[in-house]
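[1] Quick one, fold the following:
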Amino acid sequence: MCGVADLIRRILPVQLEPSAAWPDDLAAIRKLKAAFYIKVAEGLRKKHGHVCTPTPQWIDVQLKREGFVFRFFIHQQKEIALMAKAGRTPSSPLPVAGACD
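    The predicted model follows:
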């Protein structure tokens, strides 16, 4: 059986313009990103009928006609800097490889 990870064809980092408006708190940045993914998923469902799965870390978008999935995530430099300062590393948006029989 195939899972979403087996269908992912592209992983797309989205880098937004740097802004002082981003909070200085790691949890707040993550909440903003999660809310953004939910809004994007809603828009893609309504406008194009795509199957979207937002998570706190990324959004998976399945193109209905083509049948494949792309994953995109926000690459936010301030978040990365705050994680480095805390001695943490960002989680990977790469899918876990799975067998597809």
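
[2] what ranges do the strands span in the chain?
    Assigned by DSSP state E, the chain shows strands spanning 8-14, 51-54, 59-62, 69-74.

[3] Now do the longest one, average pLDDT.
    By that I understand strand 8-14. For strand 8-14, the per-residue pLDDT values average out at 78.

[4] tell me what it is packed against?
    Counting contacts by 3 or more Cβ pairs under 8 Å, 6 or more residues apart in numbering; DSSP states H and E, the secondary-structure elements packed against strand 8-14 are strand 69-74. Every C-beta, even on glycine, is put in place using the N, C-alpha and C of the backbone.

[5] mean confidence for the strand it packs on?
    Within the predicted structure, the mean pLDDT of strand 69-74 is 87.

[6] Could you spell out the sheet neighbours of it, each with its direction?
    Each strand pairing with strand 69-74, determined using DSSP bridges, is listed with its direction: strand 8-14 (parallel), strand 59-62 (antiparallel).

[7] what separates the one residue sitting closest to the centre of the chain from Ala20, distance-wise?
    In the chain, the C-alpha nearest the mean C-alpha coordinate belongs to Trp58, at 1.6 Å (Cα atoms, centre = their mean). Going from Trp58 to Ala20 by Cβ to Cβ, to the nearest Å gives 25 Å.

[8] which regions of the chain lie under the pLDDT threshold?
    When residues are selected by pLDDT under 70, those of the chain lie in 1-8, 90-101.
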